[in-house]
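1. sequence and predicted structure below; questions after.
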Amino acid sequence: MNKGGNNPDSASSKEAKAKEDFAEEFGDVTPLSHHGRYLHPVAHLPPIPLSRLKDEREAILESMEDPIRWQEDVEMGDDASFVRPGLSRQTLRRLRQGDWLIQAELDLHGLTKLEAKIEMAEFLHECKRRGVRCVRIIHGKGLRSPNREPVLKIHVRHWLTQRDEILAFVTARPADGGAGAMVVLLKGR
């Protein structure tokens with residue numbers, strides 16, 4: 001019999017007891033990765049509904065042939081504005097004064113009418129997906145167009161009135177692009 005206390009059975013039971021105590025004490029602790037750093041989970045944006053984008057694109061192409069019909073609640077001219085029925089005219093005043101922070105911008109300079117409509121639809125869809133509320137759409141003043149007449153300006157206004165997510169829009173303040181841009185208020189989530 002081994003009198004020195006070096007009994008192999010005793011050592012293994014002490015080791016097992018130590019492992020048990022350790023597991024009990026630190027059982028809910030997650031070990032670090034092998035390189036010693038904690039990797040935070042990546043935040044994923046919601047998936048992009050490709051079929052909806054395709055449907056919107058097809059609807060845009062179909063609507064390109066439609067003549068522009070103005071609604072009674074749209075003020076045109078150099079200081080154009082629109083407010084969805086049921087909203088206060090105070091919304092237009094606040095939008096004109098710049099009370100909302102412009103969170104995104106789309107520049108349509110140099111695009112054809114069809115390209116501009118598609119770009120604007122995709123831009124507004126992405127803004128809606130990200131929860132953006134106020135945007136600036138730059139359509140230009142038409143200074144490089146034939147007869148120096150704005151082509152996109154009229155169409156952008158019309159397209160905006162046709163979209164359900166648009167609550168209101170006004171001609172931008174001079175500091176935000178003046179007659180060459182629109183400030184648009186979108187519905188919240």
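-> Ah, there it is. Because the structure is a prediction, the values reported are computed rather than measured.
2. got the contact list for the helix or strand harbouring Val170?
-> Using DSSP states H and E, Val170 maps to strand 166-171. Contact with strand 166-171 is made by 78-84, 87, 91-92, 95-96, 124, 157, 160, 178-179, 181-187, as judged by CB atoms under 8 Å, 6 or more residues apart in numbering. Backbone N, C-alpha and C define where each C-beta goes, glycine included.
3. show me where the chain has its helices.
-> 8-26, 50-63, 90-96, 113-130, 152-162 (DSSP state H).
4. okay, now the unreliable bits of this protein?
-> 1-9, 31-33, 39, 61-78, 142-150 (pLDDT under 70).
5. please repeat the previous calculation with a cut-off of 80.
-> Applying pLDDT under 80 to the chain flags residues 1-12, 22-23, 26-48, 53-79, 141-151, 189.
6. thinking again about what came up before, the strand holding Val170 pairs with which strands?
-> strand 81-83 (antiparallel), strand 181-186 (antiparallel) (DSSP bridges).
7. quick one on the thing from earlier: show me which of the contacts of strand 166-171 are buried.
-> Among the contacts of strand 166-171, those classed as buried by 16 or more other CB atoms under 10 Å are 80-83, 91-92, 95-96, 124, 157, 160, 179, 181-186.
8. what's the neighbour count on the nearest residue to Lys128 once chain neighbours are set aside?
-> Among residues not flanking Lys128 along the chain, Glu165 sits closest, at 5.3 Å (CB to CB, 6 or more residues apart in numbering). By the criterion of other CB atoms under 10 Å, Glu165 has 14 neighbours.
9. now swap in Lys54 and tell me
-> 10.
10. cool, the one 4 residues further on as well?
-> Using other CB under 10 Å, Glu58 has 10 neighbouring residues.
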